[in-house]
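K.L.:
Any chance you can model this:
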Amino acid sequence: MSVRIFAMTHKRFEVPNDPMYIPMHVGHASAKEELGYLGDDTGDHISNLNCYYAELSGVYWVWKNFHRADYVGICHYRRFLTNEEGYVFSESEYMEILQNFDIVTTKQLELPNSYHYGFGAHHNIHTLDETGRIIQEIYPEYADTFYRLVMQNKTYFGNIMVAKKELFDAYAQWLFTIFFELQKRIDLTFADDYHKRVFGFISEFLLYVWVTARGLRAFECRVAIIGEKMETREVKDKMALFFQKKDVAGAKAYFAECLKVRPDVLMEASDITGECKICLQAVSTANLELAQYGSSFLDRICEYSAVMRYFRGLNDIVVKCISADVEAEAVQWFRAQGVSDIALQAAIRIYAPDEIVRQNVYEKLAQYCL
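P.N.:
A predicted model of the protein is given here:
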């Protein structure tokens, strides 16, 4: 008995020192750089459709071309299933789990609203609705589950799973039958590369539908996110240059363009340190300060790590003041840093939940502003 888990990637990464993990270069057919990993463009493949299918082009390849393990799985170059202590599972641990469970996957992600609402807020809702219609037509036994769960607030995420090869293949056949029909019915013209990955996004929810409808015993695990995306690192490096030059207008224009192309840059899975959010807060604050005062905090603090410390300190104090009185250390910090009224108000808008709380926090702290 054996387990093989394919780590889907589009960049070089530190491959776990375990032969159970096989790095797979997805989108290899159109890749500009050779990574030296197994590609998804041999045999029966959809590597050329990777821009729409994301890691699913690798899922398709494993389904059609890999038959040398009893259990197979999918993870990402940055995301691995772990136990509650945060350690990745060994092959023997997977084997033990799968004696009692049908599939190993992520914990259910709880959303603030229904999945249908959330998808529509970020994508063309017609695509999700058409998916439901196709399931009703081709797999009617799954339709009730789809329509029930799509109006609830849970989903799996990341297309991360481990299962018997036969079960994995059954899922892949079900999934791609739906998607190849959906591909015929929707407009594949998108404004940016992020939204092109429409099938990758929907499949996260469809795994939840499939597992639920079949009544599978799912062992749901934590996911460790290791390192940050190359694109996120690039954004932070560019922002550091803008801060150093005190170029507020350039920073604002650059960040706005980034959000058009990569709206996911502010999501927790991409911005694991929270620094991209702080960059956005810093740019907004500097822009408002310039308009009001003719100068900004960047005239005092322009080195990237110092900017991060400044806003983390400000945000920590604002958060503490929501539920407690102002401490002497906070007063001293405010005065030493020369926090402006504008910087305070911007932080309060981010962290205070409603207008009454915002006013209360502002009254506590405004007297200590520059």
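K.L.:
which residues are contacting stretch 34-52?
P.N.:
9, 11-12, 22-31, 53, 57-58, 60-61, 64-65, 183, 188, 193, 196-200 (C-beta atoms under 8 Å, 6 or more residues apart in numbering). For every residue, glycine as well, the C-beta is placed using N, CA and C.
K.L.:
again, only using 7 Å
P.N.:
When contacts are defined by C-beta atoms under 7 Å, 6 or more residues apart in numbering, stretch 34-52 is touched by residues 9, 12, 22-30, 53, 57-58, 60-61, 64-65, 188, 193, 196-199.
K.L.:
From the residues you listed, list the buried ones, please.
P.N.:
Burial by neighbour count, 16 or more other C-beta atoms under 10 Å: within these this picks out 9, 22-29, 53, 57-58, 60-61, 64, 196-199.
K.L.:
before we move on, back to that, okay, and which of the contacts of stretch 34-52 map to strands?
P.N.:
Using DSSP state E, the subset of the contacts of stretch 34-52 located in strands is 9, 22-25.
K.L.:
right, and out of the residues you listed, which lies closest to residue 144?
P.N.:
Residue 144 has its nearest neighbour among the ones in strands among the contacts of stretch 34-52 in residue 24, at 34.9 Å by C-beta to C-beta.
K.L.:
List the residues that contact that closest one.
P.N.:
Residues near residue 24 by C-beta under 7 Å, 6+ apart: 6-9, 37-38, 40, 58.
K.L.:
at 8 Å what do you get?
P.N.:
Counting by C-beta under 8 Å, 6+ apart, residue 24 has contacts 6-9, 37-40, 58, 61-62.
K.L.:
which among the residues you listed gets closest to residue 370?
P.N.:
Using C-beta to C-beta, residue 9 is the member of these that lies nearest residue 370, at 47.3 Å.
K.L.:
I figured that closest one hits residue 23, correct?
P.N.:
Yes. Here residue 9 reaches residue 23: they are 5.9 Å apart, a contact under C-beta atoms under 8 Å.
K.L.:
Is it possible to get JSON lines of the ones in strands among the contacts of stretch 34-52 that adds distance to residue 207?
P.N.:
Formatted as JSON lines, the ones in strands among the contacts of stretch 34-52 follow (distance: C-beta to C-beta, whole Å):
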{"residue": "9", "distance to residue 207": "20"}
{"residue": "22", "distance to residue 207": "21"}
{"residue": "23", "distance to residue 207": "22"}
{"residue": "24", "distance to residue 207": "18"}
{"residue": "25", "distance to residue 207": "23"}
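K.L.:
ok, those vs residue 287, which is closest?
P.N.:
Distances from residue 287 to those, taken by C-beta to C-beta, are shortest for residue 9, at 37.0 Å.
K.L.:
how far away is the closest one from residue 44?
P.N.:
Note on residue 9: its distance to residue 44, by C-beta to C-beta, to the nearest Å, is 21 Å.
K.L.:
what does residue 74 give?
P.N.:
Distance of residue 74 to residue 44, computed by C-beta to C-beta: 17 Å.
K.L.:
From residue 252, how far out is the nearest residue to residue 53 once chain neighbours are set aside?
P.N.:
Nearest residue to residue 53, sequence neighbours excluded (C-beta to C-beta, 6 or more residues apart in numbering): residue 199, at 4.8 Å. Separation of residue 199 from residue 252 (C-beta to C-beta): 34 Å.
K.L.:
With residue 58 instead?
P.N.:
Residue 58 sits at a distance of 37 Å from residue 252 (criterion: C-beta to C-beta).
K.L.:
With residue 68 instead?
P.N.:
In terms of C-beta to C-beta, residue 68 sits 52 Å off from residue 252.
K.L.:
Strands of the stretch 251-370 of the chain, residue ranges please.
P.N.:
Using DSSP state E, counting those that start in this stretch, the stretch 251-370 of the chain contains no strands.
K.L.:
remind me which residues of it are low pLDDT?
P.N.:
267-270, 272 (pLDDT under 70).
K.L.:
gap between stretch 38-49 and the chain center?
P.N.:
Here the centre of stretch 38-49 is set off from its chain's centre by 24 Å, with C-alpha atoms, centre = their mean, to the nearest Å.
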